[in-house]
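>>> Pasting the sequence and the predicted coordinates here, then a few questions.
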Protein chains: 2
Amino acid sequence: MMTALSDTDGPLYERVKGFILRNIGAGAWAHGRRLPSENELVSSLGVSRMTVNRALRELAAAGILVRIQGVGTFIAPPKPRSALIEIRDISEEITARGNRHRAEVLALERVTATPDLAAAFEFPRTRPVFHSVVLHFEDDLPVQLEERHVNPDFAPHYGDQDFTAMTTFEYLQAQTPVTEVEHIITAIAADSRTAAMLQLPRGEPCPLLYRRTWSGTAVVTVNRFIYAGSRIPLGSRYRPVDAPRSG
Amino acid sequence: MMTALSDTDGPLYERVKGFILRNIGAGAWAHGRRLPSENELVSSLGVSRMTVNRALRELAAAGILVRIQGVGTFIAPPKPRSALIEIRDISEEITARGNRHRAEVLALERVTATPDLAAAFEFPRTRPVFHSVVLHFEDDLPVQLEERHVNPDFAPHYGDQDFTAMTTFEYLQAQTPVTEVEHIITAIAADSRTAAMLQLPRGEPCPLLYRRTWSGTAVVTVNRFIYAGSRIPLGSRYRPVDAPRSG
DNA sequence: CAGTGGTCTAGACCACGAA
DNA sequence: TCGTGGTCTAGACCACTGG
């Protein structure tokens, strides 16, 4: 039935992947089409279910297949590649412009997470977390207000660092590997306190970048970056892009 | 033997991954250090070897560990990577949320580029370009005001399209491959005209995304996207990341 | 040679979705 | 209820590395 598992070389699960990919590429299986179930592949290919499962799981992770428990496995629709914006660490960005970066630590403490914050961390119940507020300057002009909450399981000594010497970004980068990131950008009007810190008129519109990072299934950091109005635009110039198409 | 496998929720292999990641973040295991072997983890954690293997294999695929057959498993050195924000086409984003997308074309014309615009296009002298203004709705609520200027060399029939049937994004995507993109995000206060179109109070802070695209060395489009305040946050949730380290 | 990771199996239990 | 994928186990054989 169909073609055999082809060739002789390579691990079995790779040959199963090749079998699937060949059937898609040859047009035998169209987009959206349902694949044979794991058990059917076990029978037709003569391999164990764990092997079939690994092959299908890896193809799903690569975005080629979509698997739905209780329903089946399907060929994923062709992915529209989206544009990417690169966010660099603020201190790198400033020094890359040839200017001087300076940080002022306004807060560095242990706090008990509010219910909202505990929810952002996906904690089942409230817990203490680190809280830091750092104001970043470019040549003595404030450009970014950085507020972080950090899961102490992944950086137990966060509260003891000197973040004027090393940025929080650099410290966390060295501490713990991040496997996932969430970004949300909105805009806010600077309230009087924020406006004072950033030396802006009250009510000035400011981009706000909200970021959460994961290590495995655990949330490591919950952050808010407020940029000083249009003084420092957020984003990347001239980022070479993989293969998006336009817009 | 360190801490136990923590918590109760989630698949076993995810808890094993969490165990490893926590030990790295807490500083118990330094970069370059050799991890306990699979068999040692089997004994100390009380899970089967296949489960340990899957956890380690996935962390290796994520660039966090390095595995060498016959030698052992090691903590990979930290690689500095910048965080990426994924920007999807507004219509895709709306339909992905299960809502209805509708577009209203407010302008579609040929204009002579102002000096500023000609500079953005990197034209040596001023030239005619296409200009379009499209308002995007999510279930009858305006969410994005899109203004584009398009280089007619790359889309000579841009002015003849019906952008209520196909988005400008989709049309341009089919027209010409983009090799480079520039993104700049700022925030503005909605002026009275913008506020009226987006049905927002005047002065409401709105994220503004400025985007230029290139095909080879030529600028193809110069665009401004104004998002309706915080009604539609800009950004991406859960973007899986290759192997960045933190932030 | 012993220890490592790489793979594979047969069988099992579970959560989920559709009928 | 039944079939789907999601996970887990115990045990096995292999290829590779180091001493």
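Yep, that arrived. Numbers count the residues shown, from 1 in each chain, chains lettered A, B, ... in the order given.

>>> Report whether the expected contact of residue A:76 with residue A:68 is present.
No. The criterion here is CB atoms under 8 Å, and residue A:76 misses it with residue A:68 at 11.6 Å. Using the backbone N, CA and C atoms, a C-beta is placed for each residue, glycine as well.

>>> neighbour-wise, which of those two wins?
residue A:76 (16 against 8; other CB atoms under 10 Å in any protein chain shown).

>>> Which element, helix or strand, includes the spatially closest residue to that one that is not a sequence neighbour?
Residue nearest to residue A:76 in three dimensions, not counting chain neighbours: residue A:66, with 4.9 Å by CB to CB, 6 or more residues apart in numbering or on different chains. In the assignment (DSSP states H and E), residue A:66 maps to strand A:65-68.

>>> quick revisit: so the residue nearest to residue A:76 touches residue A:57, yeah?
No. The criterion here is CB under 8 Å, and residue A:66 misses it with residue A:57 at 11.9 Å.

>>> what does the average pLDDT come to for the host helix or strand of residue A:186?
Taking DSSP H and E as the criterion, residue A:186 maps to strand A:180-189. Computed over strand A:180-189, the mean pLDDT rounds to 90.

>>> What distance do you get for residue A:103 to residue A:169?
10 Å (CB to CB, to the nearest Å).

>>> picking up where we left off before, and the strand holding residue A:186, what does it pack against?
In terms of contacts (3 or more CB pairs under 8 Å, 6 or more residues apart in numbering or on different chains; DSSP states H and E), strand A:180-189 is packed against strand A:205-215, strand B:83-87, strand B:180-189, strand B:205-215, strand B:234-240.

>>> which residues do residue A:103 and residue A:169 both contact?
Residues touching both residue A:103 and residue A:169 (CB atoms under 8 Å, 6 or more residues apart in numbering or on different chains): residue A:91.

>>> what bridges to the spatially most central residue of chain A?
With distances taken as CA atoms, centre = their mean, residue A:181 lies nearest the centre of chain A, 1.8 Å away. Following DSSP bridges, residue A:181 is listed with bridge partners residue A:213, residue B:239.

>>> Show me which residues of chain A sit near DNA strand D.
With the criterion set to CB under 7 Å from any atom of the strand, chain A comes near DNA strand D through A:35, A:37-40, A:49-50, A:53, A:56-57, A:60, A:67-73.

>>> Apply 10 Å and report the result again.
With the criterion set to CB under 10 Å from any atom of the strand, chain A comes near DNA strand D through A:34-42, A:48-50, A:52-54, A:56-57, A:60, A:65-74.

>>> now the closest residue to residue A:177 other than its chain neighbours: how far from residue A:178?
Residue nearest to residue A:177 in three dimensions, not counting chain neighbours: residue B:64, with 4.4 Å by CB to CB, 6+ apart. Going from residue B:64 to residue A:178 by CB to CB gives 9 Å.

>>> Same check on residue A:67?
Distance from residue A:67 to residue A:178, by CB to CB: 25 Å.

>>> now swap in residue A:169 and tell me
Residue A:169 is 11 Å from residue A:178, by CB to CB.

>>> Same check on residue A:165?
22 Å.

>>> More neighbours: the two, which one.
residue A:178 (27 against 9).

>>> any idea whether that one is helix, strand or coil?
Here residue A:178 takes the coil state, with states given by DSSP: H, G, I helix; E, B strand; the rest coil.

>>> okay but it is in contact with residue A:214, surely?
Yes. Applying CB under 8 Å, one finds residue A:178 in contact with residue A:214, separated by 6.7 Å.

>>> Spit out the residues that contact those two alike.
residue A:220.

>>> Backbone dihedrals for the closest residue to residue A:157 other than its chain neighbours, please?
Excluding the flanking residues, the one nearest residue A:157 by CB to CB, 6+ apart is residue B:27, at 7.3 Å. The phi/psi pair for residue B:27 (degrees, to the nearest 10) reads phi 90, psi 0.

>>> just residue A:133 next, same as before
When quoted as degrees, to the nearest 10, the phi and psi of residue A:133 stand at phi -130, psi 120.

>>> pretty sure residue A:109 contacts residue A:131?
Yes. Taking contacts as CB under 8 Å, residue A:109 lies within contact range of residue A:131: 5.5 Å.

>>> Specify which residue of these two has the higher count of neighbours.
Using other CB under 10 Å, the more surrounded residue of residue A:109 and residue A:131 is residue A:131, with 20 against 11.

>>> Quick check: the gap between residue A:48 and DNA strand C.
3 Å (CB to the nearest atom of the strand, to the nearest Å).

>>> So what's the residue count around that residue?
With other CB under 10 Å as criterion, residue A:48 counts 12.

>>> What sits closest to it if chain neighbours are left out?
Per CB to CB, 6+ apart, closest to residue A:48 is residue A:42, 6.7 Å.

>>> Sort out for me which of the residues of chain A next to DNA strand D are in helices.
A:38-42, A:49-50, A:52-54, A:56-57, A:60 (DSSP state H).

>>> Break chain A into its domains for me.
Per automatic domain parsing, the domain ranges recorded for chain A read A:12-75, A:90-227.

>>> most neighbours per residue, which of those?
Ranked by mean neighbour count, these are led by domain A:90-227 with a mean of 18 (mean count of other CB atoms under 10 Å in any protein chain shown).

>>> can you give me the end-to-end distance of that domain?
In domain A:90-227, first residue to last residue: 10 Å (CA to CA, to the nearest Å).

>>> Could you measure from the residue lying closest to residue A:10 once chain neighbours are set aside over to chain B?
What sits nearest to residue A:10 in space, not counting adjacent residues and going by CB to CB, 6+ apart, is residue A:18, at 7.9 Å. Using CB to the nearest CB, to the nearest Å, residue A:18 is found at 19 Å from chain B.

>>> Kindly list the main-chain dihedrals of residue A:18?
According to degrees, to the nearest 10, residue A:18 has phi -60, psi -40.

>>> Per-residue pLDDT of it, please?
92.

>>> what does residue A:9 give?
The model's pLDDT for residue A:9 equals 75.

>>> How many residues are close by it?
7.

>>> can you confirm it is in a strand?
No. Using three-state DSSP, the assignment for residue A:9 is coil, not a strand.

>>> which residues touch it?
Per CB under 8 Å, 6+ apart, neighbours of residue A:9: none.

>>> and the strand holding residue A:66, which strands flank it?
Using DSSP bridges, the strands paired with strand A:65-68 are strand A:72-75 (antiparallel).

>>> So the partner strand, near DNA strand C or not?
Yes. Using CB under 10 Å from any atom of the strand, strand A:72-75 reaches DNA strand C at residue A:72.

>>> which residues touch that strand?
Here strand A:72-75 has contacts from A:24, A:29-35, A:37-38, A:56, A:60, A:64-68, using CB under 8 Å, 6+ apart.

>>> export the ones in helices among the residues of chain A next to DNA strand D to CSV and tack on pLDDT?
Putting those into CSV (pLDDT from 0 to 100) gives the following:
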residue, pLDDT
A:38, 97
A:39, 96
A:40, 96
A:41, 96
A:42, 96
A:49, 97
A:50, 97
A:52, 98
A:53, 98
A:54, 97
A:56, 97
A:57, 97
A:60, 94
